[in-house]
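[1] Give me coordinates for this.
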Amino acid sequence: MSDIRWQEDALAAEAEESTLSRGALVRAAVLAGAALTAAGPLAERALAATPKRGGRLRVGHVGAGKSESFNPGRGSNFIDASRYFNLYDPLVRVRPDLTSAPGLAVAWIPNKTSTEWIVKLRKGVTFHNGKSLTADDVIYTLRTMGNPKHVGHSAVTGIRLGQLKKVDATTLRIPLTSANARLFDNFNVQNSVVLPVGLKDFSKPIGTGPFSFKSFTPGQRSLCVRNPNYWENGKPYVDEWEDISIDDPSARLNALLSGQIDMMSQLDPRQARAQLQRKQIQVLNAPSTSIQVFSMAVDVKPFDDPRVRDAFRLMVDRQALINGALAGFAVPGNDLPSRNLPFWWNAPVRKQDPEKAKFLLKQAGQEDLSVTLQTSNVVPGFIEAATLFAQQAKKSGVDVKVKKESATAYFDTSLLYTKMAFAQSFWTVTALGQWYTQALRSDAVWNETHWRDKSFDKLIQSAIGAPNAAAAKKRWRDVQEVQYEDGGYIVWANVSLVDGVGKNVRGVKPSSFFNLGGWNYRDAWLA
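    Residues are numbered from 1 along each chain as shown. Next up is the predicted model:
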């Protein structure tokens, strides 16, 4: 166990764990080479200036109403992700260029068959209540994720949770039900952050993150304060961080322009294009592996017929949607997530073909079809894309009725999410195995398309456990070909992550991983 295998051609990552030899440091696989751009001197300022301490960082987001929570087992909204990544810490971090980096775990050591992993934790880390981080906390966290109702449940479906073993205070052994050559990919998302043993009361949450809890009113705002004992020496720089729910995109921008907030996630693309000219704020723009999609429930009429699903994919003029709904901040998608990821199949981007779509609908007995497309302003461009798609569908004789839903209910699995027959969605994708497990396994918590096929589950698992790059490429091609031909997704855009940042904010770098620098407030400071 002298070497850490993330991937055969992995690059050595930097880590601060001085007790491990150089050969036992985490190695980070290069996941993508997405370019990072920002309007004005944002990136240069982030690197060049000396951080100033103090102040309150106020961040505006689309809210999620009363469903907002500090419980990582519940939330699936952007504002929840912001809270999870700053009050807690993940085992694995993702850099702006999508390479993996040490979080609370500094080493991932598989056996020869990748059916068991040794994970070494960072030493000297304490929770907000002063308790030291140990392997017991990670074991507790993983077992809480074993609850099928946990939003991050898919990350642990291949783990033998009852056989997790503490090796020593900062080392644990993770046995698997089958091979997984990239287990660490499961633990960089917001729902797999680490909890202290026994935490069940999330009205007073405790983590190891850069900020500790002070107050919270769901649907309105939360306030957290600087953790003076954070394991990254000297960080964070601000004294307080406040997340504020502001559902309306124009209201969020106006709050930023008037100085009521310092940053806002999900800047409307048209507003972003205008601000690139006006330069009233800094525009954070990161081309990414994130996707916008239309989802069709494959067990609900008319989408239970694959010919209908094929027809709908052929109705879409993808570039027209990008131009009209996203102001050009995207590239056309090919119905598969997500370009530039390892083993992504660069299948042809389907061209709009309304006549062929008509033919397929006639074959399926679905002429003069009328469907409802559910949408929301929860993600910039959703409503505009839905409206444009409805116009495009008319060319194939399909009447698409656009139904606008509440932003607070849209991504709530207890209300609308995963229950809509034809809808829109947004995904941040960092690894194929992670996404297919979250979205398309029979037991996936976020199974929007209701795709449930045991043989397909085995196909996913086979690809995840591939012993080398050649085998992985072939197996992932098989997985993707099934979805490309028969799946319930129309992946029409690989989008840029676009946010607004006040001119007084420094230290925030564009990140292809997630919005607002990957929700990284530990590096932010106020000039």
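[2] Does the longest strand along the chain pack against any helices or strands, and if so which?
    The residue-count maximum for a strand in the chain (DSSP state E) belongs to strand 282-296. Strand 282-296 is packed against strand 37-38, helix 42-48, helix 269-278, helix 306-315, helix 382-393, strand 422-427, strand 489-501, with contacts defined by 3 or more C-beta pairs under 8 Å, 6 or more residues apart in numbering; DSSP states H and E. Any C-beta I mention is one placed from the backbone N, CA and C, and that applies to glycine too.
[3] which outside residues touch the third one?
    Helix 269-278 is contacted by residues 39, 249-250, 253, 267, 281, 283, 285, 325-329, 380-381, 498, 500 when judged by C-beta atoms under 8 Å, 6 or more residues apart in numbering.
[4] Report the buried residues of stretch 348-367.
    Buried residues in stretch 348-367, defined by neighbour count with 16 or more other C-beta atoms under 10 Å: 350, 352-354, 357-358, 360-361, 364, 366.
[5] which residues in the chain form helices?
    Per DSSP state H, the chain carries helices over the ranges 42-48, 78-87, 135-145, 249-257, 269-278, 306-315, 318-325, 354-363, 382-393, 407-410, 432-439, 454-464, 469-486, 515-519.
[6] Which one of the ones you listed lies nearest to Glu232?
    Nearest of the helices of the chain to Glu232, taken as C-beta to C-beta: helix 78-87 at 12.4 Å.
[7] how about the residue nearest in space to the middle of the chain, what does it touch?
    For the chain, Thr428 is the residue whose C-alpha lies nearest the centre (C-alpha atoms, centre = their mean; 3.4 Å). Listed by C-beta under 8 Å, 6+ apart, the contact partners of Thr428 are 288-290, 513-514.
[8] quick revisit: can I get the buried residues of stretch 348-367 in CSV including distance to Arg452?
    As requested, these are exported to CSV (distance: C-beta to C-beta, whole Å):
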residue, distance to Arg452
Arg350, 25
Gln352, 30
Asp353, 29
Pro354, 31
Ala357, 26
Lys358, 30
Leu360, 24
Leu361, 25
Ala364, 21
Gln366, 23
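[9] what pairs with Lys404 across the strands?
    As for beta bridges, Lys404 partners with Thr375 under DSSP bridges.
[10] dump the residue contacts of it.
    Counted by C-beta under 8 Å, 6+ apart, Lys404 has contacts 375-377, 383.
[11] Out of those, grab the one that's most surrounded.
    Thr375 (25 neighbours; other C-beta atoms under 10 Å).
[12] show me the contacts for that residue.
    382-383, 385-386, 402-405, 423-424.
[13] In TSV: these, plus pLDDT and distance to Val300.
    Listed next are the contacts of Thr375 as TSV, based on pLDDT from 0 to 100; distance: C-beta to C-beta, whole Å:
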residue	pLDDT	distance to Val300
Phe382	97	20
Ile383	97	22
Ala385	98	21
Ala386	98	18
Val402	98	18
Lys403	98	15
Lys404	98	20
Glu405	97	17
Ala423	98	11
Gln424	98	16
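[14] Mark which of those are buried, thanks.
    Buried members of these, scored by 16+ other C-beta under 10 Å, are 382-383, 385-386, 405, 423-424.
[15] before we move on, the earlier item: and of the contacts of Thr375, the nearest to Arg452?
    Within the contacts of Thr375, the smallest distance to Arg452 is 17.8 Å, found for Ala423 (C-beta to C-beta).
[16] Quick check: which ranges of this protein have low pLDDT?
    1-48 (pLDDT under 70).
[17] Mark out where each domain of it begins and ends.
    Using automatic domain parsing, the domain parsing of the chain gives 1-30+89-207, 287-496.
[18] Throw those into CSV and include distance to Arg226, thanks.
    Shown next, in CSV, are these (distance: least, C-beta to C-beta, whole Å):
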stretch, distance to Arg226
domain 1-30+89-207, 11
domain 287-496, 27
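[19] wait, which of these is closest to Gly219?
    For the domains of the chain, proximity to Gly219 was assessed by C-beta to C-beta; domain 287-496 is nearest, at 7.0 Å.
[20] State the distance spanning the first to the last residue of the closest one.
    Its first and final residues considered, domain 287-496 spans 4 Å by C-alpha to C-alpha, to the nearest Å.
[21] So Ala49 is in contact with Arg506, correct?
    Yes - in terms of C-beta atoms under 8 Å, Ala49 counts as a neighbour of Arg506; the distance is 5.3 Å.
[22] Now do the shared contacts for the two.
    Ala527.
[23] So between these two, which is more surrounded?
    Arg506 (22 against 12).
[24] just checking, that one touches Gln282?
    No - using C-beta under 8 Å, Arg506 is not in contact with Gln282; the gap is 9.7 Å.
[25] For the residue nearest to His61 when sequence neighbours are not counted, which residues are in contact?
    In space, and not counting its chain neighbours, His61 is closest to Ile79: 4.0 Å by C-beta to C-beta, 6 or more residues apart in numbering. Counting by C-beta under 8 Å, 6+ apart, Ile79 touches 61-64, 68, 243, 245, 265.
[26] could you redo the last one with a cut-off of 6 Å?
    Going by C-beta atoms under 6 Å, 6 or more residues apart in numbering, Ile79 touches 61, 63-64, 243.
[27] Leu516 too?
    Contacts for Leu516 (C-beta under 6 Å, 6+ apart) come out as 263, 265, 499.
[28] If any of those are buried, give me the ChimeraX selection for them.
    Restricted to buried positions by 16+ other C-beta under 10 Å, the ChimeraX selection for the contacts of Leu516 reads:
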select :263,265,499
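[29] re the thing from before, distance check, the residue nearest to His61 against Trp519.
    According to C-beta to C-beta, to the nearest Å, Ile79 and Trp519 sit 10 Å apart.
[30] Please apply the same query to Gly219.
    19 Å.
[31] Likewise for Pro269?
    20 Å.
[32] The two - which one has more neighbours?
    Taking other C-beta under 10 Å, Pro269 and Trp519 do not tie; Pro269 has more neighbours (23 against 20).
[33] who are the neighbours in contact with the residue nearest to that one when sequence neighbours are not counted?
    Of all residues not flanking Pro269 in the chain, Ala327 sits nearest, at 3.7 Å (C-beta to C-beta, 6+ apart). Ala327 makes contacts with 269-270, 273, as judged by C-beta under 6 Å, 6+ apart.
[34] about what we covered before: which pair in the contacts of Thr428 has the greatest spatial separation?
    Within the contacts of Thr428, Thr289 and Phe514 form the most distant pair, 10.6 Å apart (C-beta to C-beta).
[35] Quick one: buried ones out of the contacts of Ile79?
    Applying 16+ other C-beta under 10 Å to these flags 61, 63-64, 243 as buried.
[36] how about the strands in the stretch 1-150 of the chain?
    11-12, 27-28, 37-38, 56-61, 92-94, 100-102, 105-110, 116-121 (DSSP state E, counting those that start in this stretch).
[37] circling back to that earlier point, phi first, then psi, for the residue nearest to Pro269.
    Per-residue torsions, Ala327: phi 50, psi 30 (degrees, to the nearest 10).
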